[in-house]
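Engineer: Here you go, sequence then predicted model.
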Amino acid sequence: MPIDVRCDCGRAFAFKNELAGRSVACPDCGTTLSIPAISAQADAAFDRDRFLLRQKRLSINEIYDVRDDRDASLLYVRRPTYPFRRILAILAGLLVIFGLLGASLALAFAVHGEGKAAGSPLGGIITGVGMLLAMVAGFVTIIALSPKRHVSFYRDPSRQECVLEVLQDSKFMPIRRNFTVVDPKAGPIGRMSKNILFDLFRKRWRVNDAEGEPVCTAFEDSIILALLRRFLGPLFGLLRTNYVIVRGADADGDRLGEFNRKLTLFDRYVLDLSADPLRSLDRRLAVALGVMLDTGEKR
């Protein structure tokens, strides 16, 4: 996409990316125009405008392969599912529930004697409180023992060099889900979040920088299509969920790019940031957002 520059005399120009960082004279008034430079990216793997994301389905974990327009591999992305640890957490929670239920029933019988606890007001209170405490304790146990599911971006499938991470901030995120984007060399570079209450009408993800300032927001491509998806589902891929990415925290911000799902048998996505030729949006945050728009939505 060309770089737009407007002269003080009112004339607008669209310069090729090759001229970024240079100065030219306006042919009408002779004013020197400075063409903005393209922001350098922290890593060569992110120094581009289009990324192709492919999810590998035949895997227990969530695996993504990030490639460029020439189909050359850029990154290997992994988000573990921890199935056995989750099963153990559920079993531990059930043990806590049944253990506390048994203890409450035993206490009720001990207070009023066997056969009388069920019809006793105090026995009913003990049993009811015990059931409530058992459910709460079981749920807390499951949450406490369930692992966080961080996302790791590696240079290649060998996983020897991690270049980026998306860390799940909390295990229990009933309404607001928060994640921190970390560069292993530079530390936290941004944070992203979503509020599931907005999903009722139109899915939205917000991205802030490390200081908490809004960077960009990803919305479902259309409120009408979003509502149709709520009632009709994906409709065999015809209503697949796509996103637009805009600058700042509002839907009317400048468009920076799109995240679209291709109509294929397996999950294929295109993160196209051509609308941001100066690469003002940190491509590390953009790629991290692209992955979360899939795995974070459980698509």
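Structural biologist: Ah, there it is.
Engineer: contacts and neighbour counts: CA atoms only from here.
Structural biologist: Fine.
Engineer: Where do the strands of the stretch 1-150 of the chain begin and end?
Structural biologist: 3-6, 12-15, 23-25, 32-34, 50-56, 62-67, 73-79 (DSSP state E, counting those that start in this stretch).
Engineer: just the angle between the fifth one and strand 73-79, please?
Structural biologist: Spelled out, it's strand 50-56. 50 degrees (axes from the mean of the first three to the mean of the last three CA atoms, to 10 degrees).
Engineer: For Arg261, give me its contacts.
Structural biologist: 240-242, 267-270 (CA atoms under 8 Å, 6 or more residues apart in numbering).
Engineer: Please repeat the previous calculation with a cut-off of 10 Å.
Structural biologist: 53, 237, 240-243, 267-271, 294 (CA atoms under 10 Å, 6 or more residues apart in numbering).
Engineer: Over to Arg6?
Structural biologist: 12-14, 26, 33, 35.
Engineer: Just the ones of the contacts of Arg261 in helices?
Structural biologist: Mapping those onto helices (DSSP state H) picks out Asp294.
Engineer: how about TSV for the contacts of Arg261, with pLDDT, distance to Leu100 and neighbour count added?
Structural biologist: Output for the contacts of Arg261, formatted as TSV (pLDDT from 0 to 100; distance: CA to CA, whole Å; neighbours: other CA atoms under 10 Å):
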residue	pLDDT	distance to Leu100	neighbour count
Leu53	93	47	25
Gly237	57	47	13
Arg240	76	46	17
Thr241	81	44	22
Asn242	88	47	20
Tyr243	93	47	22
Asp267	71	44	16
Arg268	86	47	17
Tyr269	91	48	22
Val270	94	51	21
Leu271	96	50	24
Asp294	89	39	17
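Engineer: Tell me which two in the contacts of Arg261 are the farthest apart.
Structural biologist: Gly237 and Leu271 (18.1 Å; CA to CA).
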